[in-house]
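> after the sequence you'll find the predicted model.
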Amino acid sequence: MKILKVEFTQAEQELYTQICFQSPSQMQLSDMDLKISANAATSLTLSLLNRKAIPEIRIRYFVDPALNIGTKMSHKEIFEKNGTSSENIFRHRHFLPYLHYFIFGPDLPKETIDVFSQIVNAEPFISGSDMPGLRKFVRYETRKYRLDPKDACEEFYKLALECGINNDLARMLRDDVRMVR
C-alpha cells in the first residue's frame, strides 16, 4: 500500500497557499490573515470532499469514534460537543491539523513511511505474530529521527491504519511509540 498525497486542482492549490497551518501562537497573524486562512481551509475542505479526493481511511479517522483513542467520541463529535458544527468545523483553527492529515497523510519521515509500507506489503495479512518486528521498527524509527513520542504515536497509528492494519494492532503500535524514552 502506498500512502497517498492528495492532488490539487488549480483552484485548490490557490486555496492551499492561503492557509496558515502553524498555530496562531507560533506566528503573528492579523485578524484578516486568520479570516483568509479559515475561509480558504473551509473552501479547500469542501472541494476535496465534493470530489472525493481524500482517502476514505483519513475521513474515517476524523468521523469514527472507534479511531479516537481515549474517548467514546469521534474527533468530529468533539468539535460538535464544543459548539462547532457543519462547515464551521472546517473554519476552526483546531481543524487545520486534520486538514493537513487529509492532504498529506501521516506526519512521519518519508523513509519511515516507505519502509513501514514495504514491511506490511511483504505479508499477505498482518497478524499478532508480525507485531514484534513492527513494534521494534516503530520504536527504532522514533528514536532514530528523535520524534516526540507523544506526537509520533498518533502518526504511527494513522500509518498503520492506512496500511490496512486492524485497529487493535494499530493501537498496539501506537502504545509502543508512546512509551519510547
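Yep, it's here.
> could you break this protein into its assigned domains?
Per the record, the chain has its domains at 10-104, 110-178, by automatic domain parsing.
> as CSV, those with mean neighbour count would be great.
Using the backbone N, CA and C atoms, a C-beta is placed for each residue, glycine as well. Formatted as CSV, these follow (neighbours: other C-beta atoms under 10 Å):
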stretch, mean neighbour count
domain 10-104, 15
domain 110-178, 17
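> least reliable of the ones you listed going by mean pLDDT?
For the domains of the chain, the weakest mean pLDDT is recorded on domain 10-104, namely a mean of 92.
> which SS state does residue 147 fall under?
coil (DSSP: H, G, I helix; E, B strand; the rest coil).
> circling back to that earlier point, the domains of the chain: which one's closest to residue 3?
Set against residue 3 and scored by C-beta to C-beta, these come closest in domain 110-178, at 5.3 Å.
> what's the end-to-end length of that closest one?
Domain 110-178 has its terminal residues 20 Å apart, counting by C-alpha to C-alpha, to the nearest Å.
> if we can go back for a sec, export the domains of the chain to JSON lines and append columns for distance to residue 4.
Shown next, in JSON lines, are the domains of the chain (distance: least, C-beta to C-beta, whole Å):
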{"stretch": "domain 10-104", "distance to residue 4": "5"}
{"stretch": "domain 110-178", "distance to residue 4": "8"}
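> which residues are contacting the longest helix seen in the chain?
If you go by DSSP state H, the chain has its longest helix at helix 31-50. Helix 31-50 is contacted from outside by 6, 9, 11-12, 15-16, 18-20, 24, 29, 53-54, 59, 87, 90-93, 95-96, 99, 102-103, using C-beta atoms under 8 Å, 6 or more residues apart in numbering.
> between the first helix or strand past it going along the chain and helix 31-50, how many degrees?
Per DSSP states H and E, the first helix or strand lying C-terminal to helix 31-50 is helix 56-63. Between the axis of helix 56-63 and that of helix 31-50 there is an angle of 130 degrees, by axes from the mean of the first three to the mean of the last three C-alpha atoms, to 10 degrees.
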